[in-house]
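J.: Sequence and predicted model, in that order:
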Amino acid sequence: DTGVSQDPRHKITKRGQNVTFRCDPISEHNRLYWYRQTLGQGPEFLTYFQNEAQLEKSRLLSDRFSAERPKGSFSTLEIQRTEQGDSAMYLCASSLATSGPQETQYFGPGTRLLVL
Amino acid sequence: AQSVSQHNHHVILSEAASLELGCNYSYGGTVNLFWYVQYPGQHLQLLLKYFSGDPLVKGIKGFEAEFIKSKFSFNLRKPSVQWSDTAEYFCAVNAGSASKIIFGSGTRLSIRP
């Protein structure tokens, strides 16, 4: 399978703990996105990378959230001091951005986080 | 701010019925438009996309969508639905030079066999 992969698929943690999620994009895709989806809603943009550079962060991304893409391949999303409101599905997507505006994002299966 | 509205939260149809799911967006400039589908237990998949050109776009599994710029709409259609079309459908927009996608809240489609 050469799609976007995410690990773990499910995570249950206690309030106040730190969690880290990993995303492996489609090979050679230079852009990587993180979204969050809560029940009954569509995905909401969190942040994205072009290669190693983090180019945009949403206001949804509080200072407890940090994302990295150190070598321009996989990415990690860390949530520190988790809160019950962080419970959601965290989605990763990747795309191959060229010089034009037309790009298609391909999504992974997501990591479902439950904070108790 | 950009936004996407999907008018129906839950649509229930019988097999072979025709489908139209509404989608409106708010943005005055150039847009790229998408419909994604999420089948039960699966991840988001691209159904179809509009970047430019013919405003009637055909996607996978017999779906199509029409971009009507004057109405800021991108409605999804299928002439005859099947039970396997049961899923959640998300309309999304990527506006101007922005990279992020703004999603609607989704429409759950249930098909009665």
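T.: Received the coordinates, thanks.

J.: who's in contact with residue 61?
T.: Just so you know, I chose chain A. A:46-47, A:67 (Cβ atoms under 8 Å, 6 or more residues apart in numbering or on different chains). From N, CA and C alone the C-beta is placed, and that goes for glycine too.

J.: Not quite, go with chain B.
T.: B:K61 touches B:47, B:78, B:85, counting by Cβ under 8 Å, 6+ apart.

J.: what sits against the residue in chain A positioned nearest to chain B?
T.: Nearest to chain B in chain A, going by Cβ to the nearest Cβ, is A:G42, at a distance of 3.1 Å. Contact analysis of A:G42 by Cβ under 8 Å, 6+ apart lists B:4, B:90, B:92, B:103-106.

J.: Also B:S73?
T.: Contacts of B:S73 by Cβ under 8 Å, 6+ apart are B:22-25, B:66-67.

J.: Report the beta-bridge partners for the residue of chain B found nearest chain A.
T.: Residue of chain B nearest chain A, by Cβ to the nearest Cβ: B:F103 (3.1 Å). Here B:F103 sits in beta bridges with B:A92, going by DSSP bridges.

J.: per-residue confidence at the residue nearest in space to the middle of chain A?
T.: By Cα atoms, centre = their mean, the mean C-alpha position of chain A lies nearest to A:W34, the distance being 2.9 Å. Predicted confidence (pLDDT) for A:W34: 97.

J.: go on, B:S73?
T.: B:S73 is assigned a pLDDT of 96 by the prediction.

J.: ok, so what distance separates it from B:S5?
T.: Here B:S73 is placed at a distance of 10 Å from B:S5 (Cβ to Cβ, to the nearest Å).

J.: Overlap of the contact sets of these two?
T.: Common neighbours of B:S73 and B:S5, using Cβ under 8 Å, 6+ apart, are B:23-25.

J.: count of residues packed around A:E103?
T.: 19 (other Cβ atoms under 10 Å in any protein chain shown).

J.: Could you pull up phi and psi at it?
T.: phi -140, psi 150 (degrees, to the nearest 10).

J.: Identify the residue spatially nearest to it, adjacent ones excluded.
T.: Leaving aside its chain neighbours, A:E103 sits nearest to A:S95 (4.4 Å; criterion: Cβ to Cβ, 6 or more residues apart in numbering or on different chains).
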